Every structure is written in structure tokens, then in C-alpha cells.
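Student: I'll drop the sequence and a predicted model, then ask my questions.
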Amino acid sequence: MVAAQVGQLLGWRVINRAIPAEVAESLSLPLEVAEANDEHADSRFWGLMTRSAVLLASEAGGELPREAFNDESAYRTVTEVIVRRIADSSDSVIVGRAAAAILQGRADTLHVRLDGPVRARILQAMAALHLTEKDAVRMLKLTDESRRQYVKRFYGREWADQSHYHLTADNTALTLETCTQFGIDRS
């Protein structure tokens, strides 16, 4: 929500779900395969999804050899190229995808991590997204674990390590409007 508000107020593009689609297009893969490698994918099913997509693509006359589908480094490399291209070509807010790792050291970026106590984040998700407590807990656990695994798998880093960010804020203690304004004031 904060990323969308920052993007809207600055007139910048907000990049989130478009990255897996661009990865799929760049590698000539089914979107499902790229999504299986995305940070929101449950990594336990990555191998199964990839093998299934390889089989389906090969039976349908896919252009890539089977080996190309099994190379995780291809997903990482293409994702990095896309994130860098976006950062180079436009003012944008990039959500997730280990952008803090990919764009590390660039003077023209601000790496922000919004976090807070688990219970407060659950209550915030329930109110903002109109979720039941059970759904908010499930969504929070899935999102946090998926991002943790993605950053660990591709970059060998701890996702929550504050040293990777210029700014870490408890967005449950601050209003979303305050977090948004802080992001705008620092851009």
C-alpha cells in the first residue's frame, strides 16, 4: 500500500507483479514457470512446478531445451537485468524481488523495509485488506517466508537483515500516510 501511494504521489511507476511476466517473456517460458521462481512462490513446489512446465512445454513444441528450464541462475540473471533496466530507465518504486541486493551500492536508490511486530501486522492486514484473522496470519507467514527463502536462495542473504536497507520503519507504529510521506520526502 505504501509503495502504491508513494508511486502515485510522485508520478512514478510501481513495479511488483510485472517482473515475473517479463522474466517469462524474456526466457520464452510459460508464466507459471517464472512465477514458480518468484519471491511469492512456495519454494517447496519450485522443482515440481518447473518439471511439470518443462514436460508440458516440450510436448507442446517449446523452443527451449529442457535443460534451460532447470537452471535457476537463468531466472536470477534475467530478473536482475529487468530490475536494473527499470531502475536505469525510469523513476520507479520496485517492490521486493531482492531489489536491495540487485541495486546495492547505487547512489540513486533508497532501500526501504517496512516491518513491525507480527501481531500488529496481522491486525493491519485484517483492517486494510478486509481479511479474517486466519487469512491474515496465513498471508503474513507465506509472504515473509517466501521472501526470506527467495533472498537466501538467490543471494545468500538474510532478508530481514537491516544492514541491507537505508531505512527500516515500523509501519504498524506509524500511519501509512506517514510512511508514504517519509518515502516521498527522501526521494
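Tutor: Good, I have the coordinates. Residues are numbered from 1 along each chain as shown.
Student: all strands of this structure, in order?
Tutor: Ranges of strands in the chain, per DSSP state E, are 13-15, 92-94, 112-115, 167-170.
Student: highest average neighbour count across those?
Tutor: strand 92-94 (a mean of 21; mean count of other CB atoms under 10 Å). Heads up, the C-betas are built off the backbone N, CA and C, glycines and all.
Student: sheet partners, orientation included, of it?
Tutor: strand 13-15 (parallel) (DSSP bridges).
Student: would JSON lines of the strands of the chain with mean pLDDT be doable?
Tutor: Shown next, in JSON lines, are the strands of the chain (pLDDT from 0 to 100):
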{"stretch": "strand 13-15", "mean pLDDT": "89"}
{"stretch": "strand 92-94", "mean pLDDT": "91"}
{"stretch": "strand 112-115", "mean pLDDT": "90"}
{"stretch": "strand 167-170", "mean pLDDT": "88"}
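Student: quick one, which of the ones you listed is nearest to residue 176?
Tutor: Among the strands of the chain, the nearest to residue 176 by CB to CB is strand 112-115 (9.2 Å).
Student: that closest one packs against which elements?
Tutor: If contacts are counted by 3 or more CB pairs under 8 Å, 6 or more residues apart in numbering; DSSP states H and E, strand 112-115 sits against strand 167-170.
Student: and the strands of the chain as CSV, adding distance to residue 36?
Tutor: Converted to CSV, these look like this (distance: least, CB to CB, whole Å):
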stretch, distance to residue 36
strand 13-15, 20
strand 92-94, 21
strand 112-115, 25
strand 167-170, 29
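Student: to residue 128, which of the ones you listed lies closest?
Tutor: The closest of those to residue 128 is strand 112-115. By CB to CB, the value is 12.5 Å.
Student: can you give me the helices in this protein?
Tutor: With DSSP state H, the ranges of helices along the chain come out as 2-10, 18-27, 31-36, 46-59, 66-69, 72-89, 99-102, 118-129, 133-155, 176-185.
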